[in-house]
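Engineer: this is a predicted model, with the sequence first.
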Amino acid sequence: MPESIVTCDNLVKIYKVADLEVVALQGLDLEVAPGEMIAIVGASGSGKSTLLNILSGLDMPSAGGCRVANNDLTRLTSAQRLNYRRYVVGQVWQQSGRNLLPELTAGANVALPQMLSGVKTSERDKRAHELLELVGLNDKFNKRPDQLSGGEQQRCAIAVALANSPQILLADEPTGELDSVTAHEIYDLLRDLNQRLGLTIITVTHDAALAANVDRTIAIRDGRTSTETVRREAELEELHEHMQEASAIIGLSTRTHRESVLIDRAGRLQLPKEAIERLPFNGRAEIRITDDHVELWPLQIENNGNNGTGDQTQTSASKGESH
Ligand SMILES: Nc1ncnc2c1ncn2[C@@H]1O[C@H](COP(=O)(O)OP(=O)(O)OP(=O)(O)O)[C@@H](O)[C@H]1O
C-alpha cells in the first residue's frame, strides 16, 4: 500500500465554550491512501465537520497527530498554513454562498484563487474555461451564481476548489441542499474527477446511498472512527479471492456482506450493525482462533430459568468470521 496522504493519529479536538469543554474528537485514527475517495458518515455532532476543518487547515487539533501530504498540521506557521490552504487542499461546502462570490461570474469565481496565487490573466482564464468544461459547465462561463441551478452552483464550486490544482479535495455535505437525483450526479462527477485526475477526495455525507459509490466509508461515532466499510455487497465467489485480507466477513446463504472493522489498541472490536441485526449475537459470542484467521460465532443461550448463570450451549449454525 502506498504511503498515506492523510494520517490522523489519536486526534483530539476540544472546543472551549465559556467554562465548558466540548470534546468533538476523542482519539480519532484515520489513514487515507493517495487517490482514494472516501466518505465520512456519522450522526449529527459526531465530529465529521470538525475533522474536515482540521484537515483543511482551518482549525488546529488540541492533541494527537495529523499529517496531510507531508505537512504536519500541528506545526505549520501561519505562512505555511496559508500555502497549505491555497495549494494542497481544495474545499467545497454545503452552502453555495460559502463557495462562490455572488457578484462574480462562474469564470471569474474559478479565476479568483489563481489570481490570488499570482497567475497571469490569460492563463487563469484559460484554466477557468478548462475547469468549467471538466465539471460540465462549458457554456456557463459568464453566468453569475444566481443564474445557475443548485447542482450547477456545486459544479462551479468544485471547479473553484480545483483552481490551484490541490492534491486533496475536501467536501463537507456538498449535496446537502440538492435533490437526490442532482446529488447523485454530483457524486458521479466527484468519482469521475477522482479517477481521471487521481485526486484524493474526502467527503462528508449523511446519506448512506451517496456513500455507496466511494472506495471506503468511514463511520465516526462520538469523535472516534467506529467502522470502515470497504465494499458492501460482494458476491460469494469474489469473497474467496480476498480471504487473506484483514476484514470481517459475515456469511449469508447466497450473498456476503464484507466490511473492514477497526480493532482498537485494547483489542476491542465493534461489530457492524448488519451483523448484529442479522445474526443472533445476543450479547455473547464464541471466538475460534485458527492459524490464519479468527472466527466469530453467535452463542445461542438456552434459558433454563437460570438467566445469566445457567448452561450456555451453542446451537446456532449462523456464522461470522474475522480474517
Ligand atoms: N466551534 C465550535 N465551538 C464549540 N463546539 C463546537 C464547535 N464546532 C463543533 N462543536 C461541537 O463539537 C461536536 C462535533 O461537531 P461537528 O460539527 O464536528 O459534528 P458533525 O458530525 O459535523 O455534525 P453535523 O452532521 O450536524 O454537521 C458537537 O458537539 C458540536 O456541538
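Structural biologist: Yep, it's here. Numbers count the residues shown, from 1 in each chain.
Engineer: spell out the residue ranges of the helices in the stretch 101-250 of the chain.
Structural biologist: 106-116, 121-134, 150-161, 180-197, 208-211, 236-241 (DSSP state H, counting those that start in this stretch).
Engineer: surely Thr50 is in contact with Lys13?
Structural biologist: Yes. Contact status for Thr50 versus Lys13: in contact at 5.2 Å, counting by CB atoms under 8 Å. Using the backbone N, CA and C atoms, a C-beta is placed for each residue, glycine as well.
Engineer: common neighbours of these two, please.
Structural biologist: 24-25, 59, 223 (CB atoms under 8 Å, 6 or more residues apart in numbering).
Engineer: what ranges in this structure fall below the confidence cut-off?
Structural biologist: 1-2, 230-268, 273-274, 277-278, 280, 282-284, 290-292, 299-323 (pLDDT under 70).
Engineer: domain ranges for it?
Structural biologist: Taking automatic domain parsing as the domain assignment, the ranges for the chain are 6-221, 234-322.
Engineer: deepest-packed of the ones you listed, please.
Structural biologist: domain 6-221 (a mean of 18; mean count of other CB atoms under 10 Å).
Engineer: quick check: of the shared contacts of Thr50 and Lys13, which lies closest to the ligand?
Structural biologist: Ala24 (3.3 Å; CB to the nearest ligand atom).
Engineer: hang on, isn't that closest one packed against Tyr15?
Structural biologist: Yes. At 5.9 Å, Ala24 counts as touching Tyr15 under the criterion of CB under 8 Å.
Engineer: distance of Pro61 relative to the ligand?
Structural biologist: Pro61 is 13 Å from the ligand, where distance means CB to the nearest ligand atom, to the nearest Å.
Engineer: can you state the direction angle for the helix or strand where Ala39 lies and helix 180-197?
Structural biologist: Assigned by DSSP states H and E, Ala39 belongs to strand 37-41. Orientation of strand 37-41 against helix 180-197 (axes from the mean of the first three to the mean of the last three CA atoms, to 10 degrees) gives an angle of 140 degrees.
Engineer: and the contacts of strand 37-41?
Structural biologist: Contacts to strand 37-41, defined as CB under 8 Å, 6+ apart, come from residues 32, 48, 51-52, 190-191, 194, 200-206, 208, 210-211, 214-220.
Engineer: so which of the helices of the stretch 101-250 of the chain gets nearest the ligand?
Structural biologist: The ligand lies closest, by CB to the nearest ligand atom, to one member of the helices of the stretch 101-250 of the chain: helix 208-211, at 13.5 Å.
Engineer: just the CA atoms of that closest one, as PDB, please.
Structural biologist: This file holds the C-alpha atoms of helix 208-211, laid out as PDB (Å, rounded to 0.1, in the frame of the first residue of the first chain):
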ATOM      1  CA  ALA A 208     -25.600   6.300   3.000                       C
ATOM      2  CA  ALA A 209     -26.800   5.800  -0.600                       C
ATOM      3  CA  LEU A 210     -24.400   8.500  -1.800                       C
ATOM      4  CA  ALA A 211     -21.600   7.000   0.200                       C
END
